[in-house]
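S.K.: Give me coordinates for this.
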Amino acid sequence: MSTTELLKGAAELFPDEVVTQAHVRHFDLPAGAGRFALITLDNGFDHTKPTTLGPQSLANLNTAIDQVEKEAADGEIVGVGVTGKPFIFAVGADLKGVELLKSHEHALAIGKGGHDVFKRLSGLAVPTFAYYNGASMGGGVEVGLHCTYRTVSASLPAFSLPEVFLGLVPGWGGCTILPNLIGADRAVSVIIENSLNQNKQLKGGQVYDLGIADALFEGADFLEQSLAWTASVLKGEITVERPEVDRGEAWDQAVGRGRFIADSKVHGAAPAAYRALDIIAAAKNGDLQQGFDAEDQALADLIMGGELRAGIYAFNLVQKRGKRPAGAPDKSLARPVTKVGVVGAGLMASQLALLFARRLEVPVVLTDIDQERVDKGVGYVHGEIDKLLLKGRVNQDKANRLKALVTGVLDKAEGFADADFIIEAVFEEMGVKQKVFAEVEAVAPAHAILATNTSSLSVSEMASKLKHPERVVGFHFFNPVAVLPLLEIVRGEKTDDASLATAFAVAKKLKKTAVLCKDAPAFVVNRILTRFMGEVQNVIDEGTPVEVAEKAVEPLGLPMSPLVLLELVGPAIGLHVSETLHGAFPDRFKVSPNLKAVVEAGKRGFYVYDSGKPELDPEVAALLKQGDTVLTEEQVRARVLEAVAQEIGLMLDEGVVAEAQDVDLCLITGAGWPFHLGGITPYLDREGVSERVNGKRFLEPGVASVPA
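M.R.: Numbering: from 1, shown residues only. Just a heads-up that it's a prediction; the model follows:
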């Protein structure tokens, strides 16, 4: 089948493709270097809309190559360039269409179609040049890899091969060409390490330093400089020299490093990284066509697998649902926030003060019970701003302005009399928080929002003794505040729409992913994680060895094991939340006597790291009192997943969040659960746990799964 026929057939499966055009224009290069053809990828005048590459878009590029191929063969041009519209080169395959594919044959056609088009660039009778002028990802990067030379803009903000992050492999030449261009170790960093590090992006200078691009030019006149450089290359005035690639033991060591990274991130639970590494390993022999064939097969297999569907689902949750929160009130009801008050000056409160100052750029005042605590909190914020200055994240003027915004006082009346938004971050005890809110209400303006950063307590009960409970809202951040995007916004029984709308408006300015939650014990993330970790703790208490219980959940590919997560959270906090949930749901949430013993002994976790890896602390082992019921890994995993499925089902029945999608969004953005799971509900559906426990799937067939 010809490339044209292949792409035409594939295009019928992508009815909603945003079609990219490939415009060819001709001009004479500087310094008499000759006639040149430039192909520009462009999908419209909206320069904020990314350029993608679906079947029809590939067909358009193929047609453009038809034209320049003939011109090159006839000697009418001396070279061909490829670039993008302003600020955007191309961001890869059209994933909306990929979700619709129903057969391995169709998936294979997508991989082969892309290869067939891109390979033509390297097969032209004249040199080809890629000009990475803006955002370049996935297939956009791979277009350039097929060219003879590449330049990159110093102002390019994002460059990556994110496929492994989503459950695919760079399948249009990335796995094969990149290691042959820059060496296996650097290729592993781009394809595996960066991708599994929450899709880390490269800047233009880094692309050049890695050797992916042959020249780096400033963004203001990037194309002009690139064309002048092209002319010098074609005239022989510039010779591009690339380091020889080490195809010996270093190549094998790089692949081994990649496998170690994959194991540490996904624990063998997701196939994409391993398929990519297999292709990189085989690319050592330099046989590009063999590599392209392997990429086609890997793409087809992964497209028809659940991991990719879950990855796309997760991506859409973060990029779309996360930006348009379900159930949020009319934003026109939101009141302006020109000053923020923070009750408390501990670590969490200080992190909040820093975030509010940086994002809102309004005065932020902290209070606490003594001057020493206040000074320490303000000092922490100022110290963090100094770190931003040293890293070049802010300039001196900005650092000075931010520091001036953050102050501390002992007197709440002095600090909060003109504050519009006041958040408490004090000890997690209802009486303490009620007392704090009573003091704040007495001095705050009538319009001020009173927000609580509680992780598990009832917002309604917290507000119940106030004269105006309607202005109290839950505003639950996750630690570390600067890193985790999730913000659980909790509506109390009497919270009014204006207060809630203001909370969502503030969340947006803070650049947080806000999810509306009902005022229910522990809200979303902590309730699910407590049930999850509680069930692991239960089987340990009953007699299953710690290492068996921990290893049982490795196939989920979570960012860390349950007991390591407990150590990060803090055993005392974990115990407190489990006690809170036990009080609300005693039949499902137990208070582990072993966890209680660990906390009472002052232990910070179950493990010690003297050998460089986690090992059960002998002192903790001596504290453990276990029964005689020993489960296998499979039995532990089934029990834990069934507990989680039950809890999510009950939460949805209670209306804690609007839909299962919100549960997944919370786990991805608040607990770092991997994209390849899609959060958790797609995995529970795929494994049959949802129907076994609740009698139905969480998501409709075809959502985060292969269409029926």
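S.K.: can we go C-alpha only for contacts and neighbour counts from here?
M.R.: Noted.
S.K.: looking at this, residue 207 is in a helix?
M.R.: Yes: under DSSP: H, G, I helix; E, B strand; the rest coil, residue 207 falls within a helix.
S.K.: can you tell me which helix or strand residue 366 belongs to?
M.R.: Using DSSP states H and E, residue 366 maps to strand 364-367.
S.K.: A helix includes residue 514, no?
M.R.: No: Residue 514 is assigned strand when assessed by three-state DSSP, not a helix.
S.K.: Enumerate the beta-bridge partners assigned to the residue lying closest to it once chain neighbours are set aside.
M.R.: Excluding the flanking residues, the one nearest residue 514 by CA to CA, 6 or more residues apart in numbering is residue 487, at 4.8 Å. Taking DSSP bridges, one obtains residue 477, residue 514 as the residues bridged to residue 487.
S.K.: How many residues are close by residue 487?
M.R.: Using other CA atoms under 10 Å, the number of residues around residue 487 comes to 26.
S.K.: three-state assignment of residue 23?
M.R.: Put simply, residue 23 is strand when judged by three-state DSSP.
S.K.: Determine the longest helix present in this structure.
M.R.: Ranked by residue count and defined by DSSP state H, the top helix of the chain is helix 633-654.
S.K.: buried set for it?
M.R.: The neighbour-count check on helix 633-654 (16 or more other CA atoms under 10 Å) flags 633, 636-637, 639-649, 651-652 as buried.
S.K.: of all those residues, which comes closest to residue 373?
M.R.: residue 651 (38.7 Å; CA to CA).
S.K.: correct me, but that closest one touches residue 657?
M.R.: Yes: counting by CA atoms under 8 Å, residue 651 does reach residue 657; the two are 7.4 Å apart.
S.K.: What pLDDT is listed against the residue lying farthest from the centre of the chain?
M.R.: What lies farthest from the middle of the chain is residue 74; by CA atoms, centre = their mean that is 48.4 Å. Note for residue 74: predicted pLDDT of 96.
S.K.: Tell me who's in contact with it.
M.R.: Residues near residue 74 by CA atoms under 8 Å, 6 or more residues apart in numbering: none.
S.K.: Distance of it relative to residue 182?
M.R.: Applying CA to CA, to the nearest Å, the value for residue 74 to residue 182 is 33 Å.
S.K.: mind listing what residue 216 touches?
M.R.: For residue 216, the contact set (CA under 8 Å, 6+ apart) comprises 151, 152, 153, 154, 204, 205, 208.
S.K.: one step back: now for the strand holding residue 366, which elements pack on it?
M.R.: Packing partners of strand 364-367 (3 or more CA pairs under 8 Å, 6 or more residues apart in numbering; DSSP states H and E): strand 340-343, helix 347-360, helix 371-390, strand 406-409, helix 412-416.
S.K.: can you pull the alpha-carbon coordinates of that strand into CSV?
M.R.: Below are the C-alpha coordinates for strand 364-367, written out as CSV (Å, rounded to 0.1, in the frame of the first residue of the first chain):
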residue,chain,number,x,y,z
VAL,A,364,0.8,38.6,53.1
VAL,A,365,0.9,38.8,56.9
LEU,A,366,1.6,35.9,59.3
THR,A,367,0.7,35.6,62.9
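S.K.: Distance from it to the middle of the chain?
M.R.: Distance of strand 364-367 from its chain centroid, counting by CA atoms, centre = their mean, to the nearest Å, is 31 Å.
S.K.: Touching that strand from outside, list them.
M.R.: Under CA under 8 Å, 6+ apart, the answer for strand 364-367 is 339-345, 353, 356-357, 374, 377-378, 405-412, 415-416.
S.K.: do you know which of the helices and strands packed on strand 364-367 lies nearest residue 279?
M.R.: helix 371-390 (39.8 Å).
S.K.: orientation of the closest one relative to helix 347-360 in degrees?
M.R.: Relative orientation of helix 371-390 versus helix 347-360 (axes from the mean of the first three to the mean of the last three CA atoms, to 10 degrees): 50 degrees.
S.K.: in helix 371-390, what counts as buried?
M.R.: 373-382, 384-386, 389.
S.K.: same question, stretch 406-420
M.R.: Buried residues in stretch 406-420, defined by neighbour count with 16+ other CA under 10 Å: 406, 407, 408, 409, 410, 412, 415, 416, 417, 418, 419, 420.
S.K.: Same question for stretch 430-447.
M.R.: Result for stretch 430-447 [16+ other CA under 10 Å]: buried residues 433, 434, 436, 437, 440, 441, 443, 444.
S.K.: for stretch 72-82, same thing?
M.R.: Neighbour counts over stretch 72-82 (16+ other CA under 10 Å) mark 72, 77, 78, 79, 80, 81, 82 as buried.
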